[in-house]
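S.K.: Show me how the following folds:
(chains A and B)
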Number of protein chains: 2
Amino acid sequence: MPVDMTKDMALLKLDGCELPAAADMHVHLRDGPMTELVVPTIRKGGVNTVFVMPNLVPPITTPQHALEYKKRLQSLEPNVTFLMSLYLHPNITPETVIEAKKAGITGIKSYPAGVTTNSSAGVVSYEAFYPVFEEMERQNMVLNLHGEAPPSVNSDVTVLNAEETFLPTLVELHKRFPKLRIILEHCTTEAAIETVKSCGPSVAATLTAHHLCLTVDDWAGDPHCFCKPVAKLPSDRRALLRTAVSGNPKFFLGTDSAPHPAISKRGDKVAAGVFTQPHAVGFVLDALQMGVEKEVLTEEDVTQEKLKNFLSEFGRAFYQLPDERNESIVLRKPTESVQDLLSNADSTIEVVPFRRGKMTWGVEWK
Amino acid sequence: MPVDMTKDMALLKLDGCELPAAADMHVHLRDGPMTELVVPTIRKGGVNTVFVMPNLVPPITTPQHALEYKKRLQSLEPNVTFLMSLYLHPNITPETVIEAKKAGITGIKSYPAGVTTNSSAGVVSYEAFYPVFEEMERQNMVLNLHGEAPPSVNSDVTVLNAEETFLPTLVELHKRFPKLRIILEHCTTEAAIETVKSCGPSVAATLTAHHLCLTVDDWAGDPHCFCKPVAKLPSDRRALLRTAVSGNPKFFLGTDSAPHPAISKRGDKVAAGVFTQPHAVGFVLDALQMGVEKEVLTEEDVTQEKLKNFLSEFGRAFYQLPDERNESIVLRKPTESVQDLLSNADSTIEVVPFRRGKMTWGVEWK
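M.R.: Below is the predicted model:
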């Protein structure tokens, strides 16, 4: 007779809880066969709206490229709303911004040069882009920041303090462009949360599911927990958990789900990225459950209302989106475990999901 | 015509420099075929005296086991002096200490439970071992500490602050047993260096070659640079580099060379350990060279005298060893690169060396 592992678990009260479908405001859907593998998992995770990152090879720097990409994504999954972005790059001018807005592009993503996957074409200095930001502000587009200072020779910037080192840049951009909507993506530190709080309502942040789960000890020695920005200290994780259920509309889900071929995670040089797409909502619930079990949160902190805010409403509100699909999901207590490996039919692409083999909260579509 | 890469390099003045053979006061030589692969590389690294770690499976907790192991090592390489250790374990009593001393065992190594490779049988509380330490003090044996506080549930101890968290334990042990020779092994932080300096002359520390080279950014995403304790911040690395050439006799080489099968470094769970044995002296020179190039050190800091101290004399002095072999090595500027892989004849054991494929300082026996 199987043991009922869920009997005494925290958050059992949420089994059967109905929520609006989630919006995942930071996803990597890649290109080619990887896209075909990953896109069909979006709805499995309880998500029907995604904001898609532009760091393909070559990066998406024209509205035309973004629209072609969107078309491919839509043909793979017509029941998801794909919000598109451009990659901040010298190619992008104020005219590109106007054109992008007309084409329905939602945001422009900035990668500091050299900090993560396909960021070698990224930003060295923000000043050169001030005219672009000015036009974005006018056009009411969103600036999505990968908020890490790049490492530089003889500086003391490391993966541990790169985000905190970047925060003055965020504050400076916000001061110069106070109406420009800016998102500090995948924020990982208490310092970042406090800085985002201290800014006006045009500045928000996404939190990932995996950063709600992890600290530095988890990725030290585990390639599948290694991503950029890296997970930080237990105190940072506690701050993230509390923020996710704080009811502050500046903070919402963006998983930064970042699939890499399994071989790139198990080699001599580990690709940065954690693949969470198939369990976007489930992993958030797992993290909150761990938060309650570790007494960072109480059961009372995690309500249907707070989940609705964080998973669905705050993101859509910041992006000024109607919930056009108006779908609901139902949470299911953990009864199944995460697959060890996702692969396509001919096994030419294999991806290791986050928390492989572990029990996870489930999602059903209503 | 090949480019002379060494033309403008730092420390070229040390090409041809003669030194006494190095003593490596912290090595993992493992068991079985791995031992057969690794032991013959000791002299290649410029080393003729090693202090051998006891974390085999099962751990070495009896003098008899240590002597059998020593015999195997000697039969593989008669031209190296093997100093042996026991694994601090409930099996070890004051009587064991007396017996060990008689058998010529040099030290007892303490692993806090759960911090690194084969440490599951390690120490939970030091108090239980006070009678053992008292006898060790009487017998003039060395206590070798893996100086990391183990992670514990709901604490904020991580791989980043585990060493610093351990330092009060070192100070407390030193206070209780002021004549007991204690070595804080493979120290990685400025805080540890300062604490060791603040203790009396019975407390010393080993520094590894790889911690002189690495920071957290190097092991984030590179399994071959991942070890315990993990490499820390640039400021810590600078402190280690300066300490290695400071002329302070409390600090000397112990590489913590820790071979793992290549497959254990490239899998889903990365084994902690960096394999440096075949280039023990060369990698120290590489690190010092990088230190000069990064302007942490000047060329004048790195003298024949300072190298002799750090690589050979201070370790032997602390261990109260005569240099019985009285051999010399000659440094050679980098002209060859590190092997990509070491393997035995039938390729059943493969190990990836530190800095594989990179140019390294060479060593010749005089």
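
S.K.: Enumerate every residue touching residue A:48.
M.R.: Shown in contact with residue A:48 (C-beta atoms under 8 Å, 6 or more residues apart in numbering or on different chains): A:21-23, A:42, A:79-81, A:325, A:327. Yep, even glycine has a C-beta here, placed from its N, CA and C like the rest.

S.K.: Assign it to helix, strand or coil.
M.R.: Under DSSP: H, G, I helix; E, B strand; the rest coil, residue A:48 falls in the strand class.

S.K.: Tell me, how many residues neighbour the closest residue to it other than its chain neighbours?
M.R.: Spatially, and ignoring its direct neighbours in sequence, residue A:48 is nearest to residue A:21 (4.2 Å; C-beta to C-beta, 6 or more residues apart in numbering or on different chains). Residues lying near residue A:21 (other C-beta atoms under 10 Å in any protein chain shown) number 24.

S.K.: Quick check, residue A:21 in contact with residue A:44.
M.R.: No - the pair residue A:21 and residue A:44 does not pass the contact test of C-beta atoms under 8 Å, sitting 11.9 Å apart.

S.K.: Next up, phi/psi of the residue nearest to residue A:221 when sequence neighbours are not counted, please.
M.R.: In this structure, residue A:221 finds its nearest non-sequential neighbour in residue B:270, 4.4 Å apart by C-beta to C-beta, 6+ apart. Taking degrees, to the nearest 10, you get phi -90, psi 120 for the backbone angles of residue B:270.

S.K.: Residue A:224 is in contact with residue B:270, correct?
M.R.: No - in this structure, residue B:270 is not within contact of residue A:224 by C-beta under 8 Å, at 10.5 Å.

S.K.: one step back: next up, the contacts around the residue nearest to residue A:221.
M.R.: Taking C-beta under 8 Å, 6+ apart as the contact definition, residue B:270 lies against A:221-223, B:223, B:226, B:264.

S.K.: which of the contacts of residue A:48 tops the neighbour count?
M.R.: When neighbours are counted by other C-beta under 10 Å, residue A:22 leads the contacts of residue A:48 with 31 neighbours.

S.K.: Can you tell me the number of residues neighbouring the residue nearest to that one when sequence neighbours are not counted?
M.R.: Spatial nearest neighbour of residue A:22, chain neighbours left out: residue A:311 (4.2 Å); criterion: C-beta to C-beta, 6+ apart. Neighbour count for residue A:311, taken as other C-beta under 10 Å: 25.

S.K.: ok, now how distant is residue A:139 from residue A:270?
M.R.: Distance, residue A:139 to residue A:270, using C-beta to C-beta, to the nearest Å: 39 Å.

S.K.: so who does the residue nearest to residue A:22 touch?
M.R.: Counted by C-beta under 8 Å, 6+ apart, residue A:311 has contacts A:19-20, A:22-23, A:46, A:252-253, A:281, A:284.

S.K.: for those, which one is nearest chain B?
M.R.: Proximity of the contacts of residue A:311 to chain B (C-beta to the nearest C-beta) peaks at residue A:284, which lies at 21.5 Å.

S.K.: Contacts only, for that closest one.
M.R.: The contact partners of residue A:284, by C-beta under 8 Å, 6+ apart, come to A:209, A:212, A:244, A:253, A:307, A:310-311.

S.K.: In chain A, spot the strand with the most residues.
M.R.: Longest strand of chain A, by residue count under DSSP state E: strand A:328-337.

S.K.: Spell out which parts of the stretch 251-366 of chain A neighbour chain B.
M.R.: Within reach of chain B by C-beta under 8 Å from any C-beta of the partner chain, the stretch 251-366 of chain A has these residues: A:266-272, A:294-295, A:352.

S.K.: can you rerun that using 6 Å?
M.R.: A:266, A:270 (C-beta under 6 Å from any C-beta of the partner chain).

S.K.: Is there a neighbour count for the closest residue to residue A:53 other than its chain neighbours? I'd like the number.
M.R.: Distances taken as C-beta to C-beta, 6+ apart place residue A:28 nearest to residue A:53, at 4.9 Å, with adjacent residues excluded. A count of nearby residues for residue A:28, using other C-beta under 10 Å, gives 24.

S.K.: before we move on, back to that, return the member of the contacts of residue B:270 nearest to residue B:129.
M.R.: residue A:221 (28.3 Å; C-beta to C-beta).

S.K.: Give me the pLDDT for the closest one.
M.R.: Residue A:221 carries a pLDDT score of 96 in this model.

S.K.: Mind checking what secondary structure it has?
M.R.: Under three-state DSSP, residue A:221 falls in the coil class.

S.K.: give me the beta-bridge partners of the residue nearest to residue A:142 when sequence neighbours are not counted?
M.R.: Leaving aside its chain neighbours, residue A:142 sits nearest to residue A:107 (3.6 Å; criterion: C-beta to C-beta, 6+ apart). Residue A:107 has these beta-bridge partners by DSSP bridges: residue A:85, residue A:142.

S.K.: where does the stretch 101-250 of chain A have low pLDDT?
M.R.: A:153-154 (pLDDT under 70).

S.K.: What parts of it come near chain B?
M.R.: Listed as neighbours of chain B in the stretch 101-250 of chain A under the rule C-beta under 6 Å from any C-beta: A:156, A:158-160, A:216-217, A:220-221, A:226, A:230, A:234.

S.K.: measure residue A:88 to chain B for me?
M.R.: 24 Å (C-beta to the nearest C-beta, to the nearest Å).

S.K.: How many neighbouring residues does that residue have?
M.R.: Neighbours of residue A:88 using other C-beta under 10 Å come to 29.

S.K.: Name all residues that make contact with it.
M.R.: By C-beta atoms under 6 Å, 6 or more residues apart in numbering or on different chains, the residues touching residue A:88 are A:108, A:110, A:123.

S.K.: how about the helices of the stretch 1-150 of chain A, start to end?
M.R.: Taking DSSP state H, counting those that start in this stretch, the helices of the stretch 1-150 of chain A run over residues A:32-38, A:63-76, A:94-102, A:130-139.

S.K.: which residues are contacting the third one?
M.R.: Helix A:94-102 is contacted from outside by A:63, A:86, A:131-132, A:135-136, A:139, using C-beta under 6 Å, 6+ apart.

S.K.: before we move on, what about the shortest one?
M.R.: Judged by C-beta under 6 Å, 6+ apart, the contacts made with helix A:32-38 from elsewhere in the structure are A:29, A:259, A:277, A:344, A:349.

S.K.: Out of these, which comes closest to chain B?
M.R.: For these, the residue nearest chain B by C-beta to the nearest C-beta is residue A:259; the value is 16.0 Å.

S.K.: And what about the closest one, helix, strand or coil?
M.R.: Applying three-state DSSP: residue A:259 is coil.

S.K.: same question, residue A:264
M.R.: helix.

S.K.: Read off the pLDDT value for the closest residue to it other than its chain neighbours.
M.R.: Nearest residue to residue A:264 in three dimensions, chain neighbours excluded: residue A:271, at 4.0 Å (C-beta to C-beta, 6+ apart). In this model, residue A:271 is scored at 97, pLDDT.

S.K.: looking at it, residue A:271 is touching residue A:261, isn't it?
M.R.: No - applying C-beta atoms under 6 Å as the test, residue A:271 and residue A:261 come out as separate, 8.0 Å apart.

S.K.: Those two - which one has more neighbours?
M.R.: residue A:271 (20 against 17).

S.K.: so who does that one touch?
M.R.: Contact analysis of residue A:271 by C-beta under 6 Å, 6+ apart lists A:260, A:264-265.
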